[in-house]
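# I need the structure of the sequence given here:
(2 chains)
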Protein chains: 2
Amino acid sequence: MADIAVMGHGVVGSGVMEVLTEHFDSISRRAKEDIHVKYILDLLDFPGLPYSGRFIKDFQVILNDPDVKIVVEVMGGLHPAFDYVKACLENGKSVVTSNKELVAAKGAELLSIAQKNNLNFLFEASVGGGIPIIRPISQCLAANEVGEIAGILNGTTNFILTKMNRDGLGFSEALKLAQELGYAERNPSADIEGADACRKICILASLAFGTHVYPESVTTEGITKITPADMGYAKTWGGVIKLIGQVKQLENGKIHIMVAPMFVSRDSQLSNVDDEFNGILVRGDATGDVVFYGKGAGKLPTASAVVADVIDCVKHFKARKYLFWEDAKPDYVASIEEVPQDVFLRVNGRNSSKSYCEDSDTVFHQAEAAFEGTGFAAPVRLIRKDEEPGEVGLTVSRLTRRELDSLVQKLSDQGLTVENRIKISEY
Amino acid sequence: MADIAVMGHGVVGSGVMEVLTEHFDSISRRAKEDIHVKYILDLLDFPGLPYSGRFIKDFQVILNDPDVKIVVEVMGGLHPAFDYVKACLENGKSVVTSNKELVAAKGAELLSIAQKNNLNFLFEASVGGGIPIIRPISQCLAANEVGEIAGILNGTTNFILTKMNRDGLGFSEALKLAQELGYAERNPSADIEGADACRKICILASLAFGTHVYPESVTTEGITKITPADMGYAKTWGGVIKLIGQVKQLENGKIHIMVAPMFVSRDSQLSNVDDEFNGILVRGDATGDVVFYGKGAGKLPTASAVVADVIDCVKHFKARKYLFWEDAKPDYVASIEEVPQDVFLRVNGRNSSKSYCEDSDTVFHQAEAAFEGTGFAAPVRLIRKDEEPGEVGLTVSRLTRRELDSLVQKLSDQGLTVENRIKISEY
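Alright, predicted model coming up:
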């Protein structure tokens, strides 16, 4: 019998208990041992549960019990999760976590402690919820050089964007709906500002390329500025707007990594990843594109990924799983300024300091003029249904951020306002 | 250093050599040992290769070399592959194979020998080529009860159906194109008759539900009878035609398993798996639907899956991977006759023995009449572009094969011909 402890009895923690209880027989068969939860650590009381007697409030009980060789951390947040996990790994206990914030902020350090002590630190549930992605990248694709990863990594924003696209809702309305349905939290900023997606692409990048990428080093843009007008232009262009986290290895050894809402072509495997689902595209030199699709969050999907890691830990008490990356290197993340990108611009004849041009054709010609003599390809005009007077949609090709900034300035000088700029995805 | 032998130097075998050579460093790092191919078994000579000196023609050399602890079988076919693999497993050598015919026909027997001898028998490459699917089902989804699997498992037929759908080609034209482009073999029957997809769904079913399913017990229908007219009706209905292999666990402990071309709704994650790609949907009780997408065949994708298994073998010389299923049980596969299904029927007023009704409306009313008094739901009419005179498309709901046969007989008695019947997928 393998004794384990579960730290945290929130949504995921209670899901872990549910999965371990309901699938006890098949899990024992797969782990080749019965898995017994000896302690559940939580500050709250949970009376009336069949396992209420196992709750404890003092982490030291877990740390000092030599029978507990595997600890599940599903508390979330950085502290005290980090301190507890570190103490476990330093004291001979393997750890399984679903905590993306922890892995993104402290992965290299914790993996290094685990390696030194010949223990496992597993976190399949930290990215993609119930979608197997950490293990496929580290194992199944072991014989590949993974060069690029791009994904829809946050279910909340994908739900919001799907509603905006399908039902024409504005951002605030769609967010409100998501909150009512439980897809968004009351404080949704980590989702809608892109921080959650950023942590996940950092974890995937660290894993695929072997060097820790900290979220602070990643240019991250949320979805709060996306409007129904942008959605309309994306439709005309032949796609949809999705919040994409992506990373690509460059020839100079650096990586190009970012999180931003992007136009995604209808031909892309990511374009029909809708509602609260996640989709992750992994581009390997031998396999080509492999895409993983499923529910990226939720109690049972996430819990089942945690439990799968626990089973793996039980089976590998002695043989450590290969899962490791080095700490961050300076200058490893390429400046986003330098990487040329196709971009959509929504321009308007409205300008606070100048007169209001209501004629879209005129606005387009003014915009075209701004490109003349720059050496950049001329902009391509998009026309959407219900276009406002003086509004123009444009796509521009292969401009660096710097080049784009100077063009936007030029447009502004001509009395035009760039209301939004949205990257066009390569995936 | 780990010495291995590779049996077979065809497409996959030469791909395995390429992957092992080109990614030597990263593979050594991941396996924590250098992997060295000591022998390559092939009846042909391959002069001029950097590793030409390692070719042998006598299997006994491999069998009798105690240094070789892992053997890769990429010869294909049942004999002598089976005899060689069996001899390896009986003599202390783990085996990695890409041979779906072998696994589908002899999986239970070989897994049992591997288990007895504490060896690994791995076959990630046998289903889905470079898509990780065997390992995710057996490991990542270990904490789930997988209840259903449905997939587009054959790239050749998917390429053909995609061409028919997109470009309006007939089956023969599309097949010819697939052959010209190397997506179909000169003798394409294993693909187009569904045998290849059948082997793969058998392997997935065996793995997910723990009991071997032999291809002979699976009702299998190929795509040779699909016409552009059927494609047109599928479009009107709101979907496409795909060759689906599917298996579902029934409440009585049996499984419902089959391979057939089916109408797949545009809302399904399988509907936009196009060209030579594969897509596999796994429905778990905790995870919900998880979909894996990628190239299901090809030299490098398949070879990289083989090499990933080799790495796993090297890392697990002592700890056997959990991968096992029992031999087949009688009456385990439910008779397909008993399972109600939605079906599309293409009916025509043409009938060899009777007069030719050229009026589609009349034909539809005759068809409707056949349903009256049967207790079955009335058929729903589909109308396609360029419909032929007297042609009618119908969908009917929840009929067993037996019920459908009697209805088709009734239609025939009324002077109508059922030109094709195509199942409607639930996925």
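# could you measure the nearest residue to residue A:300 once chain neighbours are set aside against residue B:142, distance?
Counting by Cβ to Cβ, 6 or more residues apart in numbering or on different chains, residue B:286 is the residue found nearest to residue A:300 once chain neighbours are left out, at 4.0 Å. Bear in mind the C-beta positions are built from the backbone N, C-alpha and C, glycine included. When Cβ to Cβ, to the nearest Å is applied, the distance between residue B:286 and residue B:142 equals 11 Å.
# and residue A:165, by the same measure?
As for residue A:165, its distance to residue B:142 is 36 Å (criterion: Cβ to Cβ).
# center of chain A - which residue?
Nearest to the mean C-alpha position of chain A, counting by Cα atoms, centre = their mean, stands residue A:197 at 2.5 Å.
# surely residue A:270 and residue A:281 touch.
Yes - the pair residue A:270 and residue A:281 passes the contact test of Cβ atoms under 8 Å, sitting 6.2 Å apart.
# which neighbours do these two have in common?
Shared contacts of residue A:270 and residue A:281, defined by Cβ atoms under 8 Å, 6 or more residues apart in numbering or on different chains, are found at A:150, A:151, A:291, A:427.
# got these as CSV, with neighbour count and secondary structure columns?
Written out in CSV, the entries for these read as follows (neighbours: other Cβ atoms under 10 Å in any protein chain shown; DSSP: H, G, I helix; E, B strand; the rest coil):
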residue, neighbour count, secondary structure
A:150, 28, strand
A:151, 31, strand
A:291, 25, strand
A:427, 21, coil
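# for the residues you listed, which one is nearest chain B?
residue A:291 (3.9 Å; Cβ to the nearest Cβ).
# that closest one is in contact with residue B:280, isn't it?
No - with contact defined as Cβ under 8 Å, residue A:291 does not count as touching residue B:280 (11.1 Å).
# now do the shared contacts for these two.
Overlap between the contact sets of residue A:291 and residue B:280, as judged by Cβ under 8 Å, 6+ apart, is given by B:291, B:292, B:293.
# could you pick out which of those residues are near chain A?
Filtering these for neighbours of chain A using Cβ under 8 Å from any Cβ of the partner chain leaves B:291, B:292, B:293.
# re earlier: what helix or strand does the residue nearest to the centre of chain A sit in?
Using DSSP states H and E, residue A:197 sits within helix A:195-209.
# repeat for residue A:231
When the helices and strands are read off by DSSP H and E, the one containing residue A:231 is helix A:228-237.
# need the next SSE after that helix, C-terminal direction.
If you walk from helix A:228-237 toward the C-terminus, the next helix or strand you reach (DSSP H and E) is strand A:239-249.
# that following strand: how far from the chain's middle?
Relative to the centre of its chain, strand A:239-249 is centred 10 Å away, using Cα atoms, centre = their mean, to the nearest Å.
# avg pLDDT for it?
For strand A:239-249, mean pLDDT rounds to 97.
# cool, and stretch A:310-319?
In the prediction, stretch A:310-319 has an average pLDDT of 83.
# picking that back up, phi, psi of the residue nearest to residue A:300?
Backbone torsions for residue B:286, taken as degrees, to the nearest 10, come to phi -90, psi -40.
# where does residue A:36 land in three-state SS?
For residue A:36, the assignment made with DSSP: H, G, I helix; E, B strand; the rest coil gives strand.
# do you know how far it is from chain B?
In this structure, residue A:36 lies at 15 Å from chain B, with Cβ to the nearest Cβ, to the nearest Å as the measure.
# so that residue sits against residue A:2, correct?
Yes - taking Cβ under 8 Å as the definition, residue A:36 is a contact partner of residue A:2 at 6.8 Å.
# of the two, who's got more company?
When neighbours are counted by other Cβ atoms under 10 Å in any protein chain shown, residue A:36 and residue A:2 differ, and residue A:2 comes out ahead with 22 against 15.
# what is that one paired to in the beta sheet?
Each beta-bridge partner of residue A:2 is listed here, defined by DSSP bridges: residue A:35.
# show the contacting residues for it.
By Cβ under 8 Å, 6+ apart, the residues touching residue A:2 are A:31, A:33, A:34, A:35, A:36, A:69, A:70, A:314.
# could you do residue A:420 as well?
Taking Cβ under 8 Å, 6+ apart as the criterion, residue A:420 is in contact with A:225, A:226, A:227, A:230, A:344, A:345, A:346.
# could you check how many residues crowd around the nearest residue to it once chain neighbours are set aside?
Computed as Cβ to Cβ, 6+ apart, the closest residue to residue A:420 that is not its neighbour in sequence is residue A:346, at 4.6 Å. Summarising burial for residue A:346: neighbours were counted as other Cβ under 10 Å, giving 21.
# secondary structure element holding residue A:346?
When elements are assigned from DSSP H and E, residue A:346 belongs to strand A:341-348.
# residues touching the helix or strand following that strand, excluding its own?
Counting by DSSP H and E, the next helix or strand C-terminal to strand A:341-348 is helix A:360-371. Contact with helix A:360-371 is made by A:345, A:347-349, A:357, A:377-379, A:381, A:387, A:389-392, A:394, A:396, A:407, A:410-411, A:414-416, as judged by Cβ under 8 Å, 6+ apart.
# tell me which other helices or strands the helix or strand in which residue A:408 is found touches.
For residue A:408, the enclosing helix or strand under DSSP H and E is helix A:401-413. Counting contacts by 3 or more Cβ pairs under 8 Å, 6 or more residues apart in numbering or on different chains; DSSP states H and E, helix A:401-413 is packed against strand A:341-348, helix A:360-371, strand A:391-399, strand A:417-424.
# same for the first one, what does it pack against?
Counting contacts by 3+ Cβ pairs under 8 Å, 6+ apart, the secondary-structure elements packed against strand A:341-348 are helix A:228-237, helix A:360-371, strand A:391-399, helix A:401-413, strand A:417-424.
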